Every structure is written in C-alpha cells, then in structure tokens.
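Chemist: sequence unknown, structure follows:
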C-alpha cells in the first residue's frame, strides 16, 4: 500500500459515494487507474464494504447501552452459543472480547427506551450463560468516528 492508496482510503472514508471522477482528481490519478486501485483494495479485503451512517437518535434508537458480561466457563461450546446469540439480534451493534477488566465481553446495544432495553436484557439473561452482567447507559456521545487513522500504515 502506497500513499495514493492511503489517499483513496481517506477520501472514501469521507464520502464513499463521491463520483469516481471527483475522487480521481483528489488523489491525482485518472479514472481507470483509480478504479483499478479501488478494485484491488476490495479484492485484498482492505475495503470490506461501502455503507451509510445513520443517526440512531433520528430512527428512535436513542439509548446506547454498554453491557459488560463476565463468564466462568471459557469453552468452545459457550463461545459458539454466544456468537449465535449476539448475531441473532440487530440491536446488538458491536461485541468485543476484553482483557484487563472485570468483564470478559462488552456488547453495545441500541434501544428505543430503557424499558425496551430491560426487556431485551431479560432475553439475553436466558440465552447467555454468565456470572455477571453490568449495564452502562451512555448519557452523551462525545466522539464517534467510523474513520480509521491511516498514518500508521
């Protein structure tokens, strides 16, 4: 990956739907070489997909919950069930396995209300075997970015 590839990625992160002609000018290439580089980045799975960003508050999902889960049995069967459960629900938008904390996993959940979240958490309690669940409600989003820092490449 060279500097032109980085420029292409930076520009696509700003606006993935911009016309190829506009993108090409910004990165200093003609259309065909620019298109070929984008295709190569896609083939190499550096670009996984192009998507839109939705304001969750404007679609009645104004509550963001960070659910921390602690487990006792770190078995392959448990992990397989856990992955099945978290992939089943669209309101779960992110899942991380953690180190250096009292929890093993953190799940990010969007909900229209605290009451709806409570119902959803009761479902999860039935489906995920764990020793502890702890919910943290976001009061304000200070920063949320879908752009990756490219200066480390």
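Modeler: Structure received. Quick caveat, the model's predicted, so the values are computed rather than measured.
Chemist: so what's the residue nearest to the spatial centre of the chain bridging to?
Modeler: Central residue of the chain (Cα atoms, centre = their mean): residue 94, 5.4 Å from the mean position. When bridges are called by DSSP bridges, residue 94 pairs up with residue 108.
Chemist: how much space between it and residue 64?
Modeler: Using Cβ to Cβ, to the nearest Å, one gets 10 Å for the distance from residue 94 to residue 64. For every residue, glycine as well, the C-beta is placed using N, CA and C.
Chemist: okay, and the common contacts of these two?
Modeler: Jointly contacting residue 94 and residue 64 under the rule Cβ atoms under 8 Å, 6 or more residues apart in numbering are residue 108.
Chemist: what's the closest residue in space to residue 27 that isn't next to it in sequence in contact with, if anything?
Modeler: Nearest non-adjacent residue to residue 27, counting by Cβ to Cβ, 6 or more residues apart in numbering: residue 7, 4.3 Å away. Residue 7 sits next to 26, 27, 28 when contact means Cβ under 8 Å, 6+ apart.
Chemist: which residue ranges of the protein form strands?
Modeler: Secondary structure of the chain, counting by DSSP state E: strands at 63-70, 92-97, 105-111, 132-137.
Chemist: tell me the residue furthest from the middle of the protein?
Modeler: Max distance from the centre of the chain (Cα atoms, centre = their mean): residue 30, 32.5 Å.
Chemist: what comes up buried for stretch 111-126?
Modeler: Of all the residues in stretch 111-126, those buried under the rule 16 or more other Cβ atoms under 10 Å are 111, 117, 120, 124.
Chemist: mind listing the helices for the chain?
Modeler: Assigned helices in the chain, in chain order: 3-14, 20-27, 31-43, 76-88, 114-127 (criterion: DSSP state H).
Chemist: could you say what helices and strands the last one packs with?
Modeler: To tie it back to what came earlier, the one meant is helix 114-127. If contacts are counted by 3 or more Cβ pairs under 8 Å, 6 or more residues apart in numbering; DSSP states H and E, helix 114-127 sits against strand 63-70, helix 76-88, strand 105-111, strand 132-137.
Chemist: dump the ones you listed to CSV, plus distance to residue 147 and mean pLDDT.
Modeler: Shown next, in CSV, are the helices and strands packed on helix 114-127 (distance: least, Cβ to Cβ, whole Å; pLDDT from 0 to 100):
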stretch, distance to residue 147, mean pLDDT
strand 63-70, 19, 97
helix 76-88, 25, 96
strand 105-111, 18, 98
strand 132-137, 25, 96
